[in-house]
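Engineer: What would the 3D arrangement of this be:
(2 chains)
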Number of protein chains: 2
Amino acid sequence: MALSFSQACHDSVAGLRNSTRGVPVTSRARSASLRVCAAAAEGTATIIDGKMTAAAIRKEIATELAELKAKTSKVPGLAVVLVGNRKDSETYVRSKKKSCAEVGIESFGTELSDQATEEEILKVVADYNANPAVNGILVQLPLPKGINEQRVLDAISLEKDVDGFSPENIGQLAMRGRTPRFVPCTPKGCIELLERYNVPIAGKNAVVVGRSNIVGLPAALLLQNRDATVTIVHSRTKDAQKICADADIVIAALGKAEFMTGDWIKPGAAVIDVGINAVDDKTSPKGYKLVGDVNYKEASAKANWITPVPGGVGPMTICMLLKNTLEGFKQQNGL
Amino acid sequence: MALSFSQACHDSVAGLRNSTRGVPVTSRARSASLRVCAAAAEGTATIIDGKMTAAAIRKEIATELAELKAKTSKVPGLAVVLVGNRKDSETYVRSKKKSCAEVGIESFGTELSDQATEEEILKVVADYNANPAVNGILVQLPLPKGINEQRVLDAISLEKDVDGFSPENIGQLAMRGRTPRFVPCTPKGCIELLERYNVPIAGKNAVVVGRSNIVGLPAALLLQNRDATVTIVHSRTKDAQKICADADIVIAALGKAEFMTGDWIKPGAAVIDVGINAVDDKTSPKGYKLVGDVNYKEASAKANWITPVPGGVGPMTICMLLKNTLEGFKQQNGL
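Structural biologist: Just a heads-up that it's a prediction; the model follows:
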């Protein structure tokens, strides 16, 4: 049972519950201390601790937000639209609201039944577009069958599209000399982890495994913007293992449990594992455990840096959503 | 004296003057005959003949256009806006008009002095946006100093932006499941050459050298759309030569005369050379000759397919502009 990328995006709540006990990393200069305290690990790799980093970033957001509130008497607002009653979607939406509350972002939410028409959903989006207290709008996917997802997503005004998945925004991300309004949350979280752990990117060979619109593609574009030499590996790639084994940075986002074994990893590489896959585990009360796309044990013996699953990229995704909402607030208020 | 990519784009007129004598390749099935007649060449490579291919495509365009004219009593229109009196720009604009006439596209043109204000240029663009006889609009670059090029380009309506350089269009090109309105002309010409010469792309390792918005980036996205495994090599890349020497397909767009020597080329590779560089040549009456970014003599001894310079990618660019104008005409008229 593997979660799809679209489910994983925004939705990886692993670790969020304990997130407030993270160390207060208030600037990138402190990332060294993060690295030190995360170092004593399996194999030789520094564990890139997404849970702790996300907690630290939430504190940074809360601090900035409090300052802006003192100055403007306003707070950012995030609206989440949920259609239908999928259990997983409900859980994700709850997590988003909880995270918003934690940093001081006002939550707006609309829940529609799975019988809602496309026009009703579009009306909700249009109302949030027009509401100045709402700085970011998120429509929880998947939408019920029969609803044209692309039409709904395209209805979100670009200024409030904190997901950053619109073609215009992806184009801005791809093009040199242009700046996207919002960087999609999961790939933004990957880069944030690399940067906070001082992993060199410029001039390095980076391989992104998976070419989805929401993770692989934007992750590759972000690495390229930072002067890495980027290759996207996908299902049609020949010699994928060989290409990965040459990479200084690997971002794994293919959605196959522990698919990338140790021989995919170059000694000294940085490994960012976006995968969240549930595999049977009789020793767990739930009967399953979550693993990444990388065989953690083998990879951590070769890599210099590695993200665990859970507790790596997952906790960063909602955190980056909060950050995008704050950025939207600042853009929309000229701050 | 190297021409920049932006100058090379649309503007490579090499070979156009003799273009009407090309063989009539009216379908891709005929590309085999093209290959045969172009094969007896330096080294072992099949020469990818852009001049002949472009001539064949112009005939295809003319045929389709005549059919559409018979059906609708309308013809496509392309508007070119020229500001100032740069000699090279004037030459390019003349070539575009000549090519339009050859296939039956109506040319519209506005020439403004280099004293024209931004508002005057925007007014011209707005008028063409509103003119239903104009299906494509092109603003010849560079614009005079003091004019905000991005603002002018962004004013062209997306439906008529036959250059295809808008972020929205590039985003559509990048994203899986989306379709751009227009594919930028030079990279579109590169892919057209590969496809007409039956060069396998899916599953192949492709390297694009250069990451400009108008050639390298869209070329990489197009190759990726066709299931190649793509790496973009750029000025910050380490081991660029080694990476290229592993590539089944190389698109060279770095703008350095004969920079890529034979040891950059994998035996059996396909080499598409976008570079157009003028180098001193005392044996030529002009005192210079045009060469590509690839050392043709060395590369053609190793490659299976190679484009010459001039007569390779160059003639394809205006040809793809004509094709985009025809596509715009069809889109805008629901044909």
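
Engineer: hey, where'd the helices end up in the stretch 51-200 of chain A?
Structural biologist: Ranges of helices in the stretch 51-200 of chain A, per DSSP state H, counting those that start in this stretch, are A:87-103, A:118-130, A:149-155, A:167-174, A:185-196.

Engineer: Redo those helices as a markdown table? Include distance to chain B, mean pLDDT and mean neighbour count.
Structural biologist: C-beta here means a position set from N, CA and C on the backbone, and glycine is covered the same way. Converted to a markdown table, the helices of the stretch 51-200 of chain A look like this (distance: least, CB to the nearest CB, whole Å; pLDDT from 0 to 100; neighbours: other CB atoms under 10 Å in any protein chain shown):
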| stretch | distance to chain B | mean pLDDT | mean neighbour count |
| --- | --- | --- | --- |
| helix A:87-103 | 22 | 93 | 17 |
| helix A:118-130 | 18 | 98 | 16 |
| helix A:149-155 | 8 | 94 | 15 |
| helix A:167-174 | 3 | 97 | 24 |
| helix A:185-196 | 13 | 98 | 25 |
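
Engineer: Can I get these in CSV including distance to residue B:74?
Structural biologist: Formatted as CSV, the helices of the stretch 51-200 of chain A follow (distance: least, CB to CB, whole Å):
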stretch, distance to residue B:74
helix A:87-103, 49
helix A:118-130, 35
helix A:149-155, 30
helix A:167-174, 29
helix A:185-196, 45
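
Engineer: which stretch among those comes nearest residue B:96?
Structural biologist: helix A:167-174 (25.3 Å; CB to CB).

Engineer: how big is the angle separating that closest one from helix A:185-196?
Structural biologist: Counting by axes from the mean of the first three to the mean of the last three CA atoms, to 10 degrees, helix A:167-174 lies at 20 degrees to helix A:185-196.

Engineer: Would you mind pulling the contact partners of helix A:167-174?
Structural biologist: Residues outside helix A:167-174 that contact it (CB atoms under 8 Å, 6 or more residues apart in numbering or on different chains): A:158, A:161, A:164, A:178-183, A:213, A:217-218, A:221-222, A:225, B:166-175, B:178, B:217, B:221.

Engineer: Now restrict the residues you listed to buried residues only.
Structural biologist: A:161, A:164, A:180-183, A:213, A:217-218, A:221-222, A:225, B:166-175, B:217, B:221 (16 or more other CB atoms under 10 Å in any protein chain shown).

Engineer: Can you name the residues of chain A that neighbour chain B?
Structural biologist: A:166-178, A:202-205, A:211-213, A:217, A:221, A:224, A:227, A:229-234, A:236-240, A:243 (CB under 8 Å from any CB of the partner chain).

Engineer: at 7 Å instead, please
Structural biologist: Residues of chain A lying close to chain B (CB under 7 Å from any CB of the partner chain) are A:167-172, A:174-176, A:178, A:202-203, A:211, A:213, A:217, A:224, A:227, A:229-233, A:236-238.

Engineer: where's residue A:220 relative to residue A:211, distance?
Structural biologist: Applying CB to CB, to the nearest Å, the value for residue A:220 to residue A:211 is 8 Å.

Engineer: hey, what's in contact with both of those two?
Structural biologist: residue A:232 (CB atoms under 7 Å, 6 or more residues apart in numbering or on different chains).

Engineer: So which of the two has more stuff around it?
Structural biologist: residue A:220 (29 against 26; other CB atoms under 10 Å in any protein chain shown).

Engineer: Report the separation between the residue nearest to the more buried one when sequence neighbours are not counted and chain B.
Structural biologist: Among residues not flanking residue A:220 along the chain, residue A:208 sits closest, at 4.5 Å (CB to CB, 6 or more residues apart in numbering or on different chains). In this view, residue A:208 and chain B are 11 Å apart by CB to the nearest CB, to the nearest Å.

Engineer: Run a quick neighbour tally on residue A:208.
Structural biologist: 34.

Engineer: in the helix or strand harbouring it, what's buried?
Structural biologist: In this assignment (DSSP states H and E), residue A:208 forms part of strand A:205-209. The neighbour-count check on strand A:205-209 (16+ other CB under 10 Å) flags A:205, A:206, A:207, A:208, A:209 as buried.

Engineer: my guess is residue A:106 contacts residue A:79, does it?
Structural biologist: No: taking contacts as CB atoms under 7 Å, residue A:106 lies outside contact range of residue A:79: 9.3 Å.

Engineer: Between those two, which is the more surrounded one?
Structural biologist: Remark: of residue A:106 and residue A:79, residue A:79 carries more neighbours, 26 against 16, as counted by other CB under 10 Å.

Engineer: Quick check: beta-bridge partners of that one?
Structural biologist: residue A:108, residue A:137 (DSSP bridges).

Engineer: Quick check: it touching residue A:129?
Structural biologist: No: the pair residue A:79 / residue A:129 is not scored as a contact, 9.5 Å apart, by CB under 7 Å.

Engineer: So what's the residue count around residue A:142?
Structural biologist: 15.

Engineer: What separation is there between it and residue A:167?
Structural biologist: 20 Å.

Engineer: and what of residue A:238?
Structural biologist: Using CB to CB, we find residue A:238 at a distance of 30 Å from residue A:167.

Engineer: before we move on, what about residue A:107?
Structural biologist: Distance from residue A:107 to residue A:167, by CB to CB: 28 Å.

Engineer: now swap in residue A:227 and tell me
Structural biologist: 25 Å.

Engineer: Tell me how chain A divides into domains.
Structural biologist: Following automatic domain parsing, one gets these domains for chain A: A:5-52+A:185-316, A:72-162.

Engineer: Kindly present those domains as a markdown table, with separate columns for distance to residue B:317.
Structural biologist: Formatted as a markdown table, the domains of chain A follow (distance: least, CB to CB, whole Å):
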| stretch | distance to residue B:317 |
| --- | --- |
| domain A:5-52+A:185-316 | 24 |
| domain A:72-162 | 31 |
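
Engineer: okay, now residue A:241: neighbour count?
Structural biologist: Residue A:241, neighbours per other CB under 10 Å, totals 13.

Engineer: so it, which of the three states?
Structural biologist: helix (DSSP: H, G, I helix; E, B strand; the rest coil).

Engineer: Next up, the contacts around it.
Structural biologist: Applying CB under 7 Å, 6+ apart to residue A:241 gives the contacts A:263, A:264.

Engineer: rerun at 6 Å
Structural biologist: The contact partners of residue A:241, by CB atoms under 6 Å, 6 or more residues apart in numbering or on different chains, come to residue A:264.

Engineer: Then the one 4 residues further on?
Structural biologist: Contacts here follow CB under 6 Å, 6+ apart; on that basis residue A:245 touches A:264, A:266.

Engineer: Report the separation between it and residue B:237.
Structural biologist: 18 Å.

Engineer: What count of nearby residues applies to the nearest residue to residue A:254 once chain neighbours are set aside?
Structural biologist: Among residues not flanking residue A:254 along the chain, residue A:210 sits closest, at 4.3 Å (CB to CB, 6+ apart). Residue A:210 has 23 neighbours, counted by other CB under 10 Å.

Engineer: Next, residue A:210: phi, psi?
Structural biologist: phi 110, psi 140 (degrees, to the nearest 10).

Engineer: Quick check, pLDDT for it.
Structural biologist: On pLDDT, residue A:210 comes in at 97.

Engineer: same thing with the one 3 residues further on?
Structural biologist: In the predicted model, residue A:213 carries a pLDDT score of 95.

Engineer: Quick check: the gap between the residue lying closest to it once chain neighbours are set aside and residue A:144.
Structural biologist: Of all residues not flanking residue A:213 in the chain, residue B:175 sits nearest, at 4.7 Å (CB to CB, 6+ apart). Relative to residue A:144, residue B:175 is positioned 23 Å away (CB to CB).

Engineer: How about residue A:151?
Structural biologist: Applying CB to CB to residue A:151 and residue A:144 gives a distance of 14 Å.

Engineer: repeat for residue A:218
Structural biologist: Counting by CB to CB - residue A:218 and residue A:144 are separated by 26 Å.

Engineer: Specify the angle between the host helix or strand of residue A:217 and helix A:167-174 in degrees.
Structural biologist: Element membership of residue A:217, judged by DSSP H and E, is helix A:216-225. For helix A:216-225 against helix A:167-174, the angle by the same axes, to 10 degrees is 30 degrees.
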